[in-house]
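Q: Here's a sequence, model it:
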Amino acid sequence: MLQSDTFAPAGLLANLVSLPLDYTKTHIQVHNTLPKPSIFLRYIGLEVVLFKYLIFYNLRQCFQKLIPEDNKSLLLFSSSLSYFLLTPFDHILVKLQTKNLQTNKLSNIMNTSIFIVKKYGISGFFLGGLPNTLKCCAFGAASMNFDTTLYPYHVILWKYFLIMATMIPAVVFSHPFDVVKTHMQKNVLNVDGNQKDFEMNKIGREAGREYTRFSECCVDLYKKYGMKVFYRGIYHAYARAIFIVAAPVTAFEIYHPY
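A: Take a look at the predicted model:
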């Protein structure tokens, strides 16, 4: 597989530019509705994505020096471990993306981190760590045989087609874990608000249940909404996955023409 590490700036830019897709996906996962068209809201948590990507990049560089490139199982394990270690950034991002503007003052990494520690303790940073790790395992296992070097470098359209085809099973198998992770990490809308207002708020009722256990969250979501709940926002997740994987490939083509 063409490593995104070869062109880290392209991967970072793709992650930052596609953040609105992630915000929309998260909103659909929690509320089952599209968010209001606000550019500011859709780029909330930009600094979280920046720090997360830089740390993930450095972790991956370290693991690649220790693990042979042909040992795909260990590489998958190292990626999954990295995702678990980066769960705090995912938790902070989801908290910011699902905040209630009327009752919640979360606005940056610092006050969101303090909020998580006060509410859950230090271990709360790793709430949703299990589905986050399983998501990486499912995504990595489904796309493990993706290899752009199988095609001539001058046939760029074939590469894009390969990316789109490979991302289908990768997203289909990993997205349910992402939905569970989001529901475990989401910001309960009445956390600082009035209970009466919360009960009258339809969206509040939709997002008002907190989960701390993976199995409990899966069972409760299935009982309430059926299997379809695990695929809320999948189109936005698929579009973002294509964009993030295609960006380094495009950068490689530009700077290494054949």
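
Q: all helices for the protein, in order.
A: Taking DSSP state H as the test, the helices found in the chain are 8-17, 19-31, 39-42, 46-66, 72-85, 87-97, 109-120, 129-142, 156-185, 195-200, 202-206, 214-225, 234-255.

Q: Export those as TSV, with columns for mean pLDDT and mean neighbour count.
A: In this view, the C-beta of every residue, glycine as well, is placed from N, C-alpha and C. Listed next are the helices of the chain as TSV, based on pLDDT from 0 to 100; neighbours: other C-beta atoms under 10 Å:
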stretch	mean pLDDT	mean neighbour count
helix 8-17	87	18
helix 19-31	92	22
helix 39-42	71	12
helix 46-66	89	15
helix 72-85	88	17
helix 87-97	94	24
helix 109-120	91	15
helix 129-142	92	21
helix 156-185	90	20
helix 195-200	41	12
helix 202-206	44	14
helix 214-225	93	14
helix 234-255	87	19
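
Q: my read: Ala246 touches Tyr160, true?
A: Yes - counting by C-beta atoms under 8 Å, Tyr160 is a contact partner of Ala246 at 6.2 Å.

Q: count of residues packed around Asn187?
A: Number of residues near Asn187 (other C-beta atoms under 10 Å) recorded here: 23.

Q: How much space separates it from Ile234?
A: Shown here: Asn187 relative to Ile234, a distance of 22 Å by C-beta to C-beta, to the nearest Å.

Q: Equivalent analysis for Ala247, please.
A: 21 Å.

Q: Ok, Cys218 next?
A: 17 Å.

Q: who are the neighbours in contact with the nearest residue to Gly124 once chain neighbours are set aside?
A: With sequence-adjacent residues excluded and distances taken as C-beta to C-beta, 6 or more residues apart in numbering, Gly124 is closest to Ile116, at 4.8 Å. By C-beta atoms under 8 Å, 6 or more residues apart in numbering, Ile116 lies in contact with 91-92, 95, 124-125.

Q: Just list the residues touching Tyr222, thanks.
A: With C-beta under 8 Å, 6+ apart, Tyr222 has these contacts: 229-230.

Q: Please disregard the earlier target; I meant Val117.
A: 124-125.

Q: One more pass at 7 Å, please.
A: The contact partners of Val117, by C-beta atoms under 7 Å, 6 or more residues apart in numbering, come to Gly124.
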